[in-house]
Every structure is written in C-alpha cells, then in structure tokens.
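Asks: With the input below, show me the fold.
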Amino acid sequence: MVDISAESAFQIDFNLQQIPSASGLNIPPEAAAAMLNISAEQFNAYVAQAFAECTRVAQELLDKPGTVEAIRKLKTSHKDVPNTIMTVGDSITTYRYGYAEILRALLGLVDPQNNVTFINNGRSGYTSTHGLEHTFFLYLAQKPDWVFLKFGANDTKHFGGADQKCLVSLEEYTANFTLMVDAYLKAGARVILLTATPVVESIVRSNEWYQSVQMTWDNADIQACADALKGIANKHSVPLVDLVSLFTTKPDPILYCPDGLHPGPAGHRLMIEQVIKAINTY
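Replies: Numbers count the residues shown, from 1 in each chain. Model prediction:
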C-alpha cells in the first residue's frame, strides 16, 4: 500500500494534474518548465524579464495624473486584512506583458509595505462560461475586494467557417456576465468590466494556423458583446472599460501581437491607462 493522503489519492485517481487551473492546483516553476521542455532557470529568468518590463511601464505611469490615486484606492482596506485584487479573463488577461501584470507592478510600487494580495486568474482559452463556473468553483472562495472581468475573444470564435455560430452565443455570454457580476457584488467586491478587444481581421483571416483549424473572428460579434456589457454595467452601476471604442473595429496592427488577436505591449499600455481611469470612478 502506497502511503499517500486520501486527497492525493483522489487527485491521482481523477488525473487532476491534467487540469491544474480548473481544479485550483498550484503549478510550481519546475513543473511549468518541464511541461514547456525548458529548464526551471530559463523559465524563471524569462518570467523575471517580463515582469521587469511591466515594472518599467508601471514606473512611467506613476507620473501620470490619477495613477497613484487609483492604486491607493485599490489598496485601501476597511477590514483587518489587506485587500485582495483579482483579474479574471482569458489569454489577454494572463499575458505576461499585459494590463493585469502592469497593475500588479503598480500595486508593488505604490506603498510597498501594504501587503495587498493580487491574483491573476486569466486562463488561455477560457470563455465567459469557464469564467462563470470558476467564479463559483474557485474565485469567490478567494474573497476578492476588487474584480476586473474580461472575456470575449474565445466566446466569439467561429469554427468551421465565418458563417457558423460563435462558440458561445451572445445570449449565453450576457447571462454568464450577469451571473458573475451579481455574484461578486453580493460578495461585497467592487467590479470593473472590460469589453473584449477587437481583432485585426485581415491578419486573423490569413493566419495559416487559424485556417488549419477553421477558426476565425468577426468584429461585429465582439461589438455585440461589448454592447451587452454596456447594458450590464449600466444596470449594476459598475464601471466599463470599452476596449472596442478604444481600439476601434479596425485596430492598428502595431498595437497587437503578430497573430492579430492578442494586443501586444503597446496595446496593453493603452488598456491599463483606461483601467486606471475606471478605478478612479469608484
């Protein structure tokens, strides 16, 4: 008989190591490096390099009006424990050079002695349906004081051709966000909504890999999701960061990664500036 805990036996029985983020399991750098076929030293060095760049951007933002005020607002707690700040979304949220990681850097630069908890719950490939499930399964248990919610890039995928349905319908997308916002507000969190970012249609439609899996996007779908979020934001009186209006439905490719789907560092610099403004509306 192997001497392991009942919890470990359960995790092995159901292969929970195959779905770590979905089950809330922590992945140490050594495991992440092994999955990516690189050394832990390489993994840690790259992570440090990326965060150093986010910190550089954050340092520049501190000189802009309203930045320090917004970060102090996030840090101000009315409890006996420091605030917990949570970002929830897909690959655009988890991006190492993205708005969420710049926000993490800002929190560390402004009043470093305040040990605020920052959790980036961005997960590549996630839709608002995943977000809804994990809100109740994992995220509410982390007791966030502030929640930044952004989904849509995966919801609006079309498989099998542009004339096929979106992966998640507009009705389901709207219902998912409504339930998530309700849940976080009832738990006492302050919520800020971010619309999906539009894609560079000419690039995503000519991308060889996207073509090989018959996957594409249409900014009309992303605009429809943004409009739905506007209604939810108005109903619940929460701030909305309208990234469709910011980037427009014909965005400049210079603001994006080469795939035309994910905003790059330049795009996320614009995004975090709008997020800061939204924080200051509370």
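
Asks: continuing past whatever helix or strand Val181 lives in, what's the next helix or strand?
Replies: Assessed by DSSP states H and E, Val181 sits inside helix 170-186. The helix or strand immediately downstream of helix 170-186 is strand 190-194, counting by DSSP H and E.

Asks: got the CA coordinates for that next one in CSV?
Replies: Extracted C-alpha coordinates of strand 190-194, given in CSV (Å, rounded to 0.1, in the frame of the first residue of the first chain):
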residue,chain,number,x,y,z
ARG,A,190,-16.1,46.2,-6.4
VAL,A,191,-16.4,45.1,-10.1
ILE,A,192,-14.9,46.7,-13.2
LEU,A,193,-15.9,45.2,-16.6
LEU,A,194,-13.6,45.2,-19.7
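
Asks: helices and strands around that strand, which ones?
Replies: In this structure, strand 190-194 packs against strand 146-150, helix 170-186, helix 219-236, strand 240-241, helix 265-279, with contacts taken as 3 or more CB pairs under 8 Å, 6 or more residues apart in numbering; DSSP states H and E. No exception for glycine: its C-beta is placed from N, CA and C like everyone else's.

Asks: deepest of the ones you listed, which one?
Replies: Mean neighbour count (mean count of other CB atoms under 10 Å) peaks for strand 146-150 among the helices and strands packed on strand 190-194, with a mean of 26.

Asks: Ok, which of the helices and strands packed on strand 190-194 comes nearest Pro29?
Replies: Closest to Pro29 of the helices and strands packed on strand 190-194, according to CB to CB: helix 265-279, at 22.9 Å.

Asks: Need the residues that contact the helix holding Val181.
Replies: By CB atoms under 8 Å, 6 or more residues apart in numbering, the residues outside helix 170-186 that reach it are 88, 128-129, 131-132, 135-136, 140, 144, 147, 149, 151-152, 155, 168, 191, 193, 221, 224-225, 228-229, 231-232, 236, 238.

Asks: now stretch 1-10
Replies: Ile12, Leu16.

Asks: Could you check which helix or strand contains Thr197?
Replies: Assigned by DSSP H and E, Thr197 falls outside every helix and strand.

Asks: Tell me, how many residues neighbour it?
Replies: Neighbour count of Thr197, defined by other CB atoms under 10 Å: 26.

Asks: Skipping its backbone neighbours, what lies nearest it in space?
Replies: Nearest residue to Thr197 in three dimensions, chain neighbours excluded: Leu243, at 4.7 Å (CB to CB, 6 or more residues apart in numbering).

Asks: neighbours of that neighbour, just the number please.
Replies: Counted by other CB under 10 Å, the residues lying close to Leu243 total 26.

Asks: same thing with the one 10 residues further on?
Replies: The number of residues packed around Pro253, counting by other CB under 10 Å, is 12.

Asks: begin at 29 from here
Replies: Done: numbering now begins at 29, and the last item shifts to Pro281.

Asks: does it really touch Glu229, like I thought?
Replies: No. Pro281 lies out of contact with Glu229 (CB atoms under 8 Å); the separation is 10.6 Å.

Asks: For the residue lying closest to Ala128 once chain neighbours are set aside, which three-state class applies?
Replies: Spatially, and ignoring its direct neighbours in sequence, Ala128 is nearest to Thr115 (4.0 Å; CB to CB, 6+ apart). Secondary structure, DSSP: H, G, I helix; E, B strand; the rest coil: Thr115 is strand.

Asks: Would you quantify the distance from Thr115 to Tyr154?
Replies: Using CB to CB, to the nearest Å, Thr115 is found at 12 Å from Tyr154.

Asks: Now for Pro281 and Glu229: what residues contact both?
Replies: Both Pro281 and Glu229 are in contact with Gly288, where contact means CB under 8 Å, 6+ apart.

Asks: Please tell me how far Asn149 sits from Met114.
Replies: In terms of CB to CB, Asn149 sits 6 Å off from Met114.
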